[in-house]
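*Asks:* Provided below for reference: sequence and predicted model.
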Amino acid sequence: MMRIEKNVPLPKHLADRVNLGDLPLARMKVGDSIVIGADSKKDLSRKLKSVRMRALRFSKKHPHFKFKTAQETGTNGVAQIRVWRVSRAS
């Protein structure tokens, strides 16, 4: 029988994972975009990599979807990530 252990911390590689939540990629139409905020430069870099990977994986499963991502500065001067659904031809 297995013993239940309490208060064992997660390993660093699991505790530091980026959690973007549910991205509405499947509901986006060509020309639509979404914005993902970030708390710091490090957070922005990690989220950008994660968003790009998630969009790439989604596009591989759904070949009629294609996305572009970019860093931009929001209206409040804070860096953010924008994801656009683009046409397959672009």
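*Replies:* Structure's in. What do you need?
*Asks:* those strands in the chain, which residues are they?
*Replies:* 33-37, 66-73, 79-86 (DSSP state E).
*Asks:* For my notes, please list those strands in TSV and give mean pLDDT and mean neighbour count for each entry.
*Replies:* Every residue, glycine included, has its C-beta placed from N, CA and C. Shown next, in TSV, are the strands of the chain (pLDDT from 0 to 100; neighbours: other C-beta atoms under 10 Å):
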stretch	mean pLDDT	mean neighbour count
strand 33-37	95	14
strand 66-73	94	14
strand 79-86	95	18
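*Asks:* From the chain's centroid, how far away is the longest helix anywhere in the chain?
*Replies:* For the chain, the helix reaching the highest residue count under DSSP state H is reported as helix 41-61. Remark: helix 41-61 is offset 4 Å from the chain centroid, using C-alpha atoms, centre = their mean, to the nearest Å.
*Asks:* wait, what's in contact with the residue nearest to residue 65 when sequence neighbours are not counted?
*Replies:* Leaving aside its sequence neighbours, residue 65 sits nearest to residue 59 (C-beta to C-beta, 6 or more residues apart in numbering; 5.2 Å). Residue 59 is in contact with 65-67, counting by C-beta atoms under 8 Å, 6 or more residues apart in numbering.
*Asks:* ok, of those, which one's closest to residue 5?
*Replies:* The closest of those to residue 5 turns out to be residue 67 (C-beta to C-beta; 41.5 Å).
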